[in-house]
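>>> test case, fold it:
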Amino acid sequence: MGTRTTGRRPGAYVCGIDAAMDMIGGKWKVLILWALNERPCRFGELRRELPGITEKVLASHLREMEADGLVHREAYDEVPPRVEYSLTARGESLNEALEPLGAWGRANVLSASPAAGQVGEDDDVPLVPGAA
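Below is the predicted model:
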């Protein structure tokens, strides 16, 4: 289980969160982790699970995540060829670490009311605090 060195900043991390965010940075990697947490998927299945991701980005991220030891790529010797992606133990542990963050997002962003600090589109809110 090796780690990828291209693009990483070994020794330059400020803290563990910095290191973890470098590994899962961007919009798509955490969504790939989430999708693979459900079950192993083929490339096309992943693409359908993640509307908006391009084939190029998905392929690149899967290669990076495989090199980082988060994703396992299994190529089956069949006709037509079949490849499935699944989480490694390291990927599963990262998903477990992300669960509290997802719970926070559901509680504080997705289900928040305007009274909880979320401003609606039609709310009359001054741009400068205290201004009317």
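
>>> roughly how far does the closest residue to residue 24 other than its chain neighbours sit from residue 79?
Among residues not flanking residue 24 along the chain, residue 30 sits closest, at 5.3 Å (C-beta to C-beta, 6 or more residues apart in numbering). C-beta here means a position set from N, CA and C on the backbone, and glycine is covered the same way. Noted for residue 30: a distance of 35 Å to residue 79, by C-beta to C-beta, to the nearest Å.

>>> cool, and residue 62?
23 Å.

>>> does the residue nearest to residue 24 touch residue 23 like I think?
No. Contact criterion C-beta atoms under 8 Å: residue 30 and residue 23 do not qualify, at 10.2 Å.

>>> what about residue 79, how many residues nearby?
When counting by other C-beta atoms under 10 Å, one arrives at 5 neighbours for residue 79.

>>> scratch that, residue 67 is what I was asking about
Around residue 67 there are 16 residues (other C-beta under 10 Å).

>>> likewise for residue 98?
Around residue 98 there are 16 residues (other C-beta under 10 Å).

>>> tell me which helix or strand it sits in.
Per DSSP states H and E: residue 98 is located in helix 89-105.

>>> residue nearest the centroid of the chain?
residue 30 (0.8 Å; C-alpha atoms, centre = their mean).

>>> ok and the helix or strand containing it relative to helix 89-105, angle-wise?
Following DSSP H and E, one finds residue 30 within helix 28-38. Orientation of helix 28-38 against helix 89-105 (axes from the mean of the first three to the mean of the last three C-alpha atoms, to 10 degrees) gives an angle of 110 degrees.

>>> list the buried ones in helix 28-38?
Buried residues in helix 28-38, counted by 16 or more other C-beta atoms under 10 Å: 28, 29, 30, 31, 32, 33, 35, 36, 37.

>>> can I get these in TSV with distance to residue 53 and pLDDT?
Output for the buried residues of helix 28-38, formatted as TSV (distance: C-beta to C-beta, whole Å; pLDDT from 0 to 100):
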residue	distance to residue 53	pLDDT
28	6	95
29	11	95
30	12	93
31	8	94
32	8	96
33	13	95
35	10	94
36	14	96
37	17	93
